[in-house]
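A.B. asks: Requesting a structural model of the entry that follows:
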Amino acid sequence: MAVIRETSRPVEISVEATPLNMAGSVQFHIADAVPIPDALRPTPFLFWASAKDKPTLAARIASGKTGGRGKCRIATVAPSEEALAERLDYARKLLEQGKEPAGEGIHYGEGKPDGELAFMFTGSAAVYPRMGRGLLSAFPELRLRLAKLDKADAIAPLLAKASLTEFEQLCAGTLMSQAHAILLLDLLGLKPDAALGLSLGESNALFAFGFWRDPGALLDEISDAAMYERHIGGEFETAKEAWGPNVPADWTNWRVQAPVDAVKREVAKHTGVEITIIYSRTDCMIGGPAEACRKICEALGPGSGAKMHQHLIVHAKAMQPFAETWRLSLIHI
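C.D. replies: Below is the predicted model:
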């Protein structure tokens with residue numbers, strides 16, 4: 001085994017001829033260094049503020065106070081306290097001259113934002129392994145506030161796992177949705193006009209804005225009912241009850257990119273398959289027996305469908321046998 005030490009010059013490796021291989025050589029050219037995110041990097045420093053005009057914003061920067069209100073807004077991020085001070089001093093001087101500051105780590109905006117501000121809460125299918133660790137490293141104060149939530153300490157280790165079960169995705173998604181809400185509402189002081197939720201996001205929006213108080217209680221109810229292991233996932237007992245003994249109860253979810261009208265026509269040909277979510281006129285989700293869903297995607301054309309990494313009976317008539325149990329679990333929140 002050859003050991004190649006650090007070098008900036010091309011490296012050539014030659015192989016002598018043997019009964020098993022021909023002689024030859026290959027040359028390796030050193031590529032430019034690619035920065036790799038460091039999970040242990042120092043916490044970045046952040047400053048943000050708003051004011052009615054540039055001079056007032058400059059004065060607020062000089063005071064060191066974050067927050068404020070007004071049409072002139074600035075957010076500045078830096079790897080160290082010294083770098084942040086330099087960038088803020090640079091921005092302040094430009095603002096005092098009536099100019100718009102710009103540069104590395106400096107983000108400036110002016111004027112009333114178009115439209116209204118809404119927070120969007122996604123479904124659990126958006127969860128991915130090891131999500132959120134960079135965010136929690138960047139905002140230590142966020143970790144402290146998040147730790148006050150029921151079950152937060154138990155869920156946090158899931159953020160380090162390389163793969164997650166459907167129920168673990170639910171837990172991790174709930175925790176990180178509340179982390180983002182705390183960051184935006186409490187730490188950054190944003191005031192949204194509305195909250196939008198899809199699937200799990202509907203529940204998480206209610207928790208984030210205080211209409212529901214105890215996400216841990218809901219997770220306990222779901223776990224105690226074996227919802228993900230037996231009913232809407234795992235054994236898919238809900239599908240067996242809804243479809244009867246003559247339909248395969250191997251529920252799967254597929255993302256389909258094709259005209260929804262065409263999808264509806266194909267779905268109608270297969271027992272147990274439903275359109276569960278419509279994102280746009282050409283983008284939707286279907287759920288049902290695996291082979292039936294595969295045939296639908298095949299009929300719609302190459303590349304039109306992709307099997308999801310999460311398979312749950314949701315947003316579907318097949319969930320009806322479990323509907324009352326689900327409603328009763330919400331009473332205890």
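A.B. asks: CA atoms for contacts and neighbours, from now on please.
C.D. replies: Will do.
A.B. asks: Please name the residues that touch the spatially closest residue to residue 256 that is not a sequence neighbour.
C.D. replies: Across the structure, with C-alpha to C-alpha, 6 or more residues apart in numbering as the measure, the residue nearest residue 256 apart from its sequence neighbours is residue 305 (4.3 Å). For residue 305, the contact set (C-alpha atoms under 8 Å, 6 or more residues apart in numbering) comprises 254-257, 294, 297-298.
A.B. asks: Could you write me a PyMOL select line covering just the buried ones among those residues?
C.D. replies: Selecting just the buried residues from the contacts of residue 305 in PyMOL takes one command, with 16 or more other C-alpha atoms under 10 Å as the test:
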select buried, resi 254+255+256+257+294+297
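A.B. asks: Can you name the two of the contacts of residue 305 that sit furthest apart?
C.D. replies: Within the contacts of residue 305, 257 and 294 form the most distant pair, 13.5 Å apart (C-alpha to C-alpha).
A.B. asks: Looking at the contacts of residue 305, which are in helices?
C.D. replies: Cross-referencing the contacts of residue 305 against helices under DSSP state H gives 294, 297-298.
A.B. asks: coming back round to it: and which of the contacts of residue 305 is nearest to residue 43?
C.D. replies: Nearest member of these to residue 43, counting by C-alpha to C-alpha, is residue 255, at 37.6 Å.
A.B. asks: Which residue comes closest to the closest one once chain neighbours are left out?
C.D. replies: residue 285 (4.7 Å).
A.B. asks: Sheet partners, orientation included, of the helix or strand containing the one you found?
C.D. replies: With elements delineated by DSSP states H and E, residue 285 resides in strand 283-289, which encompasses its position. Strand pairing for strand 283-289, using DSSP bridges, gives strand 251-256 (antiparallel), strand 274-280 (antiparallel).
A.B. asks: Format those as CSV; extra columns: distance to residue 201 and mean pLDDT.
C.D. replies: Written out in CSV, the entries for the strands paired with strand 283-289 read as follows (distance: least, C-alpha to C-alpha, whole Å; pLDDT from 0 to 100):
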stretch, distance to residue 201, mean pLDDT
strand 251-256, 18, 91
strand 274-280, 14, 92
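A.B. asks: And the nearest residue to residue 117 once chain neighbours are set aside, what's its pLDDT?
C.D. replies: Of all residues not flanking residue 117 in the chain, residue 192 sits nearest, at 4.9 Å (C-alpha to C-alpha, 6+ apart). Per-residue pLDDT puts residue 192 at 93.
A.B. asks: quick one: residue 192 and residue 208, what's the gap?
C.D. replies: Residue 192 sits at a distance of 12 Å from residue 208 (criterion: C-alpha to C-alpha, to the nearest Å).
A.B. asks: repeat for residue 274
C.D. replies: With distances taken as C-alpha to C-alpha, residue 274 is found 31 Å from residue 208.
A.B. asks: And residue 323, by the same measure?
C.D. replies: Relative to residue 208, and taking C-alpha to C-alpha, residue 323 is found at 24 Å.
A.B. asks: Thanks a lot, catch you later.
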